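structure here, sequence nowhere to be found:
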DNA sequence: GCACAGATTTTGAGCGCTCAAACATTTCGG
DNA sequence: CCGAAATGTTTGAGCGCTCAAAATCTGTGC
């Protein structure tokens, strides 16, 4: 059996608009941040996560979870941020296999310097184009989309996992 | 002068929802396509572009423009797709520095086989979560966002370009 | 014709991401 | 306690993307 459910015209247009618009937006923000702060958006988010945490420090696993990032990806990212002197690793006192990422003072300064420009980019390329209503719509749409995807973390292998709610 | 225009609460929430939801959606679709068809979404789009063109062929530059892709990226992509036997390059008859990418029969078969599952993913992860109204809103939002970004192709160097609308 | 600016495409280096595998440590069952 | 499973993190290979530079060809002015 093949797919009985193609996209109708409305959906086609919405999909292409999102695909292209979203990519253009993200590419632009990435370039701007790369140019102004020398780091990709992914790394910026790591620094933001640390800066919002008490002591500007967080367990690697926790940081990965918040950034919707794989442990491996975060480890590579922190390695790079450590080279740059913006983050350092410390041993976790309560669990010796754990590691804690700590935002350095320089990292905090870099983040502060980058933040204004980045926010300005988000505003000028996204929110300035949208009405107040559309901002609310954007939030609702992507909360509806993201929730189910973050609940079921995805098929690790070749397994279909239907959640039939009993009752 | 620092940024006078931070994000308010509504905007913060909308931004984070979009950032995370959008990433989750794209990651998921990419994984599914990679698992089912052995290629990333970017390559799938190249095949789609070719399949919709008369003769299933297109100039590299034209294909790059339609996919919102840099010439370099497309060249690398087509090189890979050529290895896989799904696309081949031909010389352009009217311009000897030009190249034409052609979708092979096998490439077309692979695309047909991948399409149903990919569309099903788009539907189940995106459109099934949205009302009819939200689909229209999604389109309007990203058309508003994408249009200005594709018009001005982005700062190639270190230049700030404000468009002050006269009048 | 010929040099030279412009257009089209490719190439190679560098980087971030993914995946699978390794490693280190904790937790649990007997 | 001891070995096995589970947890937290790192490592290395492979791939796709970006950027700058090269290679190839077109069109124009002289």
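Sure thing, it's come through. Source: prediction; values computed, not measured.

is any residue of the longest helix anywhere in chain A near DNA strand D?
When chain A is parsed with DSSP state H, its longest helix is helix A:9-37. Yes. Against DNA strand D, helix A:9-37 shows contacts by Cβ under 7 Å from any atom of the strand at A:27, A:31, A:34. In this view, the C-beta of every residue, glycine as well, is placed from N, C-alpha and C.

who does the very next helix or strand once past that helix touch, helix- and strand-wise?
Moving toward the C-terminus from helix A:9-37, the first helix or strand encountered (DSSP states H and E) is helix A:41-51. Helix A:41-51 sits against helix A:9-37, strand A:57-59, helix A:60-66, helix A:71-83, strand A:87-91, strand A:99-103, helix A:105-125, with contacts defined as 3 or more Cβ pairs under 8 Å, 6 or more residues apart in numbering or on different chains; DSSP states H and E.

helix A:41-51 - what's its average pLDDT?
Mean per-residue pLDDT for helix A:41-51: 97.

next, the buried residues of that helix.
A:41, A:43, A:44, A:45, A:46, A:47, A:48, A:49, A:50 (16 or more other Cβ atoms under 10 Å in any protein chain shown).

residue A:92 and residue A:100 touch, don't they?
Yes. Using Cβ atoms under 8 Å, residue A:92 makes contact with residue A:100 at a distance of 5.2 Å.

what is in contact with the two at once?
Here residue A:92 and residue A:100 have residue A:59 as joint contacts, going by Cβ atoms under 8 Å, 6 or more residues apart in numbering or on different chains.

among the buried residues of helix A:41-51, name the ones that also lie close to DNA strand D.
Of the buried residues of helix A:41-51, not one also sits near DNA strand D (Cβ under 7 Å from any atom of the strand).

now stretch A:114-134: average pLDDT?
On average, stretch A:114-134 scores 97.

do it and DNA strand D come into contact?
No. Applying Cβ under 7 Å from any atom of the strand, one finds stretch A:114-134 separated from DNA strand D by no less than 14.4 Å.

show me what from chain A comes close to DNA strand C.
Counting by Cβ under 7 Å from any atom of the strand, chain A sits next to DNA strand C at A:39-40, A:42-43, A:69-70, A:72-73, A:76-77, A:80, A:95-97.

residue A:143 contacts residue B:17, correct?
Yes. With contact defined as Cβ under 8 Å, residue A:143 reaches residue B:17; the gap is 4.9 Å.

more crowded one of those two?
The neighbour comparison of residue A:143 against residue B:17 (other Cβ atoms under 10 Å in any protein chain shown) goes to residue B:17, with 20 against 17.

contacting residues for that one?
Residue B:17 touches A:138, A:139, A:142, A:143, A:146, counting by Cβ under 8 Å, 6+ apart.

in chain A, where is pLDDT below threshold?
Applying pLDDT under 70 to chain A flags the ranges A:1-4, A:152-167.

just want the most central residue of it.
residue A:67 (5.1 Å; Cα atoms, centre = their mean).

tell me how far it lies from residue A:74.
Distance of residue A:67 to residue A:74, computed by Cβ to Cβ, to the nearest Å: 7 Å.

now the common contact residues for these two.
residue A:46.

nearest residue to residue A:146 in space, please, no chain neighbours.
Among residues not flanking residue A:146 along the chain, residue B:21 sits closest, at 3.1 Å (Cβ to Cβ, 6 or more residues apart in numbering or on different chains).

one more: residue A:108?
With Cβ to Cβ, 6+ apart, the residue lying closest to residue A:108 is residue A:51, at 6.3 Å.

over to residue A:123?
residue B:5 (5.6 Å).

against residue B:27, how distant is the one you found?
31 Å.

now swap in residue A:85 and tell me
30 Å.

for residue A:22, what are its contacts?
B:22, B:142, B:145, B:146.

from those residues, which single one is nearest DNA strand D?
DNA strand D lies nearest to residue B:146 out of the contacts of residue A:22, by Cβ to the nearest atom of the strand, at 15.4 Å.
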